[in-house]
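Colleague: Take this sequence and fold it.
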Amino acid sequence: MSIKSALAGAAVLAALFLWGALYGQEQYRKGYELAQAETRAAQLQAEVRARLMEQRLQKEVEDVRVNYQAQLDVAQRAAVAARTDLDGLRGKLAAANDRVASQAARAGYALDENARIAAELRNVVGLCAERYTELAAAADGYRGALGSLQGYVLELRK
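Modeller: Below you'll find the model as predicted:
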């Protein structure tokens, strides 16, 4: 073997080695860029899913809030109506007590005692009506809270 052929072989071998190193480096760079692109795509996809989930949960919370507010409005209107009815009953009781008192003064002692008892009974009925209205308002509040919690749980289960 001559030196020329050895040098030519060494040059070919060096060229092949250099070409292999450059080709491998290029393949490594392409693989790295592909992995980065896949990672970015996965991150974007995860962000989109997270945004969609956040929007869905926010909508559920808003739906529960709107539903609770509607129930609260209904309960408040019922409480106002009950308060109006109670005030009307109190006015009627006061008018009845006044009529009884004026009639008792004219009728004498026996009727006066009966009128006093009737007035006391009317006052008891008035107190019962007032207490019943308070209990109804409290029950409406609890019913509204329970309904909103049930709605929230149902939304979470979807």
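Colleague: quick one: the closest residue to residue 89 other than its chain neighbours from residue 143, how far?
Modeller: In space, and not counting its chain neighbours, residue 89 is closest to residue 129: 5.4 Å by CB to CB, 6 or more residues apart in numbering. Just so you know, the C-beta spots here come from the backbone N, C-alpha and C atoms, and that holds for glycine as well. Distance, residue 129 to residue 143, using CB to CB, to the nearest Å: 20 Å.
Colleague: and the two? which has more neighbours close in?
Modeller: A side-by-side neighbour count of residue 129 and residue 143, using other CB atoms under 10 Å, places residue 129 first with 16 against 13.
Colleague: In which helix or strand does that one reside?
Modeller: According to DSSP states H and E, residue 129 maps onto helix 109-157.
Colleague: list the helices and strands that helix packs on?
Modeller: helix 3-107 (3 or more CB pairs under 8 Å, 6 or more residues apart in numbering; DSSP states H and E).
Colleague: Low-confidence ranges, the protein, go.
Modeller: 1, 100, 103-112, 158 (pLDDT under 70).
Colleague: If you count neighbours, what's buried in stretch 136-144?
Modeller: Residues of stretch 136-144 classed as buried: 137, 140, 144 (neighbour count, 16 or more other CB atoms under 10 Å).
Colleague: Columns distance to residue 57 on top of those, output as CSV?
Modeller: Listed next are the buried residues of stretch 136-144 as CSV, based on distance: CB to CB, whole Å:
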residue, distance to residue 57
137, 33
140, 29
144, 23
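Colleague: Among these, which one sits closest to residue 2?
Modeller: Comparing those against residue 2 with CB to CB places residue 144 closest, at 103.4 Å.
Colleague: out of everything not next to it in sequence, what's closest to that closest one?
Modeller: Once flanking residues are discounted, residue 144 sits nearest to residue 71: 4.1 Å by CB to CB, 6+ apart.
Colleague: Kindly report the same for residue 130.
Modeller: residue 86 (5.9 Å).
Colleague: How many neighbouring residues does the one you found have?
Modeller: Residue 86, neighbours per other CB under 10 Å, totals 16.
Colleague: for the one 4 residues further on, same thing?
Modeller: A count of neighbours around residue 90, defined by other CB under 10 Å, yields 13.
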